[in-house]
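Enquirer: Give me a model of this one.
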Amino acid sequence: MTELAPPVLDMRKVCVTFAKPSGEPFPVLADIDVTVKEGEILGLLGRSGSGKSTLLRVAGGLIRPSSGTVLYRGAALSGPAEGIAVVFQTFALYPWLTVLENVELGLDALDLPESEARQRAMSAIDVIGLDGFQSAYPRELSGGMRQRVGFARALVSNPILLLMDEPFSALDVLTAETLRTDFLDVWTSHRMPTKAVLTVTHNIEEAVLMCDRILILGTNPGHIAAEIKVSLPQPRNRLDAAFHAIVDQIYSILTSRMAETISAQSRMQRGLIQQLPEVSADRLGGFAEGLASPPFGGQAELASIARSLLLEVNQLFPIAAALHMLEFSELHDSTIKLTAAGRIFAQSETDDRKRLFREHLLCFVPLAAHIRQVLDEREDHRAPRARFEFELEDHLPEREANATLRTAIGWGRYAELYGYDDRTQMFNLDHTLG
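Expert: Okay, the predicted model is just below:
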């Protein structure tokens with residue numbers, strides 16, 4: 001890494017605010033300082049809702065910050081700039097175009113002579129490992145090869161700064177590992193002119209494998225919670241003790257932040273505006289069973305159980321947050337431990353598990369208790385979904401409000417605390433435990 005080189009990208013005091021349906025401002029990012037240095041891969045890591053992808057779009061000039069400055073190679077960035085390319089999570093290929101033609105699209109804005117465009121496209125195809133497939137159509141390619149086309153289309157413009165938004169997350173584990181390794185081979189061998197990479201990921205091990213520095217984002221609003229330097233030489237070995245130490249450090253930071261957020265939300269508006277994780281009750285039960293079983297015996301390092309159950313971070317943390325919220329588990333540093341009630345929940349048969357879930361739902365999820373109270377008080381025991389949506393949207397943006405209500409519906413149905421008719425969008429007390 002060239003420490004003395006000027007930063008490729010410099011973001012200072014960047015804030016992004018969106019509007020709620022009511023028109024009130026909703027801060028998404030607050031006072032973000034990010035410097036991307038020449039010669040490094042910088043990772044953005046955080047839970048869903050921390051603003052990672054929004055920050056990446058600000059870096060690419062696709063979103064203007066509400067306040068703050070963004071400098072690209074020393075000049076103010078006011079929109080998409082030459083020398084910045086993006087690899088998105090989805091393949092976004094034109095199915096009627098060949099691999100070569102899809103890659104050449106990355107040169108449209110440069111107005112190059114046809115012969116030069118063709119030569120650069122073929123070179124990018126070769127670098128990214130697609131040589132021989134230039135005449136193939138997307139339908140003929142596997143998911144991994146289609147994402148390679150996305151990489152080639154980004155690299156064909158010879159970008160100075162490459163932005164990547166979870167580029168491996170749509171792939172299966174083995175394909176993602178292969179493509180990640182191939183990309184690192186190209187990067188470390190300097191076979192592309194790119195000077196710096198800014199990548200968004202939800203995969204902790206991927207971040208430690210790839211990045212020179214990792215910025216961990218906190219939520220409500222998104223902010224830089226911690227910076228981790230990864231000084232391990234490439235290629236990195238997942239089995240090294242030093243590698244595991246960094247992974248455990250990141251889990252510990254994310255876990256403590258998650259527990260703090262849950263506690264803070266439970267104190268606001270009596271917990272009614274608490275965001276509920278998007279995870280089903282059945283998934284919670286399955287995880288609790290796995291945690292209660294050997295070799296864990298009710299307690300495990302998050303990294304260890306994630307590997308054992310083949311869970312990505314964006315799958316693991318909603319489960320851990322929900323169990324903690326329902327007081328079926330406790331979170332300490334990077335460890336999750338079942339409470340006494342959590343052990344009973346894990347070991348109970350279906351009916352007993354539902355009854356216990358119902359008790360904890362009423363005690364520890366104020367929104368669910370609120371919905372039930374409203375239904376009890378109404379003569380016909382009916383209430384429209386919109387009635388609760390409006391309450392949530394006073395404090396949460398529409399997407400988060402809808403996600404929270406979906407979770408409340410699923411948990412309430414599972415516990416037979418209340419019913420919900422999706423056709424009429426009405427809550428009810430039909431077929432409940434009373």
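
Enquirer: Quick check: the residue lying closest to His223 once chain neighbours are set aside vs Pro318, distance?
Expert: In space, and not counting its chain neighbours, His223 is closest to Ala30: 5.3 Å by C-beta to C-beta, 6 or more residues apart in numbering. C-beta here means a position set from N, CA and C on the backbone, and glycine is covered the same way. Per C-beta to C-beta, to the nearest Å, Ala30 is found 23 Å from Pro318.

Enquirer: Can you tell me the closest non-neighbouring residue to Arg57?
Expert: Arg57's closest residue in space is Ile63 (C-beta to C-beta, 6+ apart), at 4.3 Å.

Enquirer: Just list the residues touching that neighbour, thanks.
Expert: Ile63 makes contact with 16, 54, 57, according to C-beta atoms under 8 Å, 6 or more residues apart in numbering.

Enquirer: Neighbours of the first one, how many?
Expert: This means Val16. For Val16, the count of nearby residues is 23 (other C-beta atoms under 10 Å).

Enquirer: With Leu110 instead?
Expert: Leu110: 13 neighbours (other C-beta under 10 Å).

Enquirer: The one 10 residues further on too?
Expert: Arg120 is flanked by 20 other residues according to other C-beta under 10 Å.

Enquirer: so it makes contact with Val156?
Expert: Yes - Arg120 sits in contact with Val156 when judged by C-beta atoms under 8 Å, with a separation of 5.4 Å.

Enquirer: Quick check: neighbours shared by the two?
Expert: With C-beta under 8 Å, 6+ apart as the test, Arg120 and Val156 both reach Leu107.

Enquirer: residue boundaries of the strands in the stretch 251-400 of the chain?
Expert: 299-301, 329-332, 335-338, 382-384 (DSSP state E, counting those that start in this stretch).

Enquirer: contacting residues around Ala59?
Expert: Contacts of Ala59 by C-beta under 8 Å, 6+ apart are 9, 11, 34, 36, 70, 84, 161, 163, 198.

Enquirer: doesn't the last one fall inside a strand?
Expert: Right, Leu198. Yes - the assignment for Leu198 by DSSP: H, G, I helix; E, B strand; the rest coil puts it in a strand.

Enquirer: what about the stretch 51-200 of the chain, any weak spots by pLDDT?
Expert: 91, 109 (pLDDT under 70).

Enquirer: And the helices in it?
Expert: For the stretch 51-200 of the chain, applying DSSP state H, counting those that start in this stretch gives helices covering 52-59, 99-104, 114-127, 143-155, 173-188.

Enquirer: The stretch 251-400 of the chain too?
Expert: 281-292, 302-308, 313-325, 340-347, 350-364, 366-377, 385-393, 398-414.

Enquirer: Kindly state which of those is positioned closest to Phe88.
Expert: Minimum separation from Phe88 across those (C-beta to C-beta) falls at helix 313-325, 16.6 Å.

Enquirer: List just the nearest of the contacts of Ala59 to Met426.
Expert: Distances from Met426 to the contacts of Ala59, taken by C-beta to C-beta, are shortest for Leu163, at 44.3 Å.

Enquirer: so how far is stretch 196-203 off the chain centroid?
Expert: 11 Å (C-alpha atoms, centre = their mean, to the nearest Å).

Enquirer: which outside residues touch that stretch?
Expert: 8-9, 34, 36-48, 52-53, 55-56, 59, 160-169, 187, 207, 210-211, 312-314.

Enquirer: could I get that stretch in CSV with only the CA atoms?
Expert: The C-alpha trace of stretch 196-203 is given here as CSV (Å, rounded to 0.1, in the frame of the first residue of the first chain):
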residue,chain,number,x,y,z
ALA,A,196,-8.3,1.3,-5.0
VAL,A,197,-11.3,-0.8,-4.2
LEU,A,198,-14.3,0.0,-1.9
THR,A,199,-16.4,-3.0,-1.2
VAL,A,200,-19.6,-3.6,0.7
THR,A,201,-20.1,-7.0,2.3
HIS,A,202,-22.1,-8.7,5.0
ASN,A,203,-19.7,-11.6,5.2
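
Enquirer: Can you list the buried residues in that stretch?
Expert: Using 16 or more other C-beta atoms under 10 Å as the test for burial, stretch 196-203 gives 196-203.

Enquirer: Same question for stretch 177-194.
Expert: Those would be 179-180, 182-184, 186-187, 192, 194, for stretch 177-194 by 16+ other C-beta under 10 Å.

Enquirer: Looking at those, which is nearest Arg355?
Expert: Among the buried residues of stretch 177-194, and counting by C-beta to C-beta, the member closest to Arg355 is Arg180, at 45.3 Å.

Enquirer: For Ala415, see how far away that closest one is.
Expert: The value you get for Arg180 to Ala415, if C-beta to C-beta is used, is 41 Å.

Enquirer: same question, Cys211
Expert: Taking C-beta to C-beta, one finds Cys211 at 42 Å from Ala415.

Enquirer: Ok, Val99 next?
Expert: 51 Å.

Enquirer: likewise Ile204?
Expert: Taking C-beta to C-beta, one finds Ile204 at 32 Å from Ala415.

Enquirer: Can you give me the neighbour number for Phe168?
Expert: 24.

Enquirer: if I pick it, what's in contact with it?
Expert: Here Phe168 is in contact with 147, 176, 179-180, 201, 203, 206 (C-beta under 8 Å, 6+ apart).

Enquirer: just to revisit the earlier point, of the contacts of stretch 196-203, buried ones?
Expert: 8-9, 34, 36-38, 40-48, 52-53, 55-56, 59, 160-169, 187, 207, 210-211, 312-313.

Enquirer: Among those, which are located in strands?
Expert: 9, 34, 36, 41-46, 161-165 (DSSP state E).

Enquirer: which one among the residues you listed gets closest to Leu276?
Expert: Looking across those and measuring by C-beta to C-beta, the closest to Leu276 is Gly46, at 18.5 Å.

Enquirer: Not counting residues beside it along the chain, what's closest to that closest one?
Expert: Leu217 (3.3 Å).

Enquirer: Thank you kindly, that will do.
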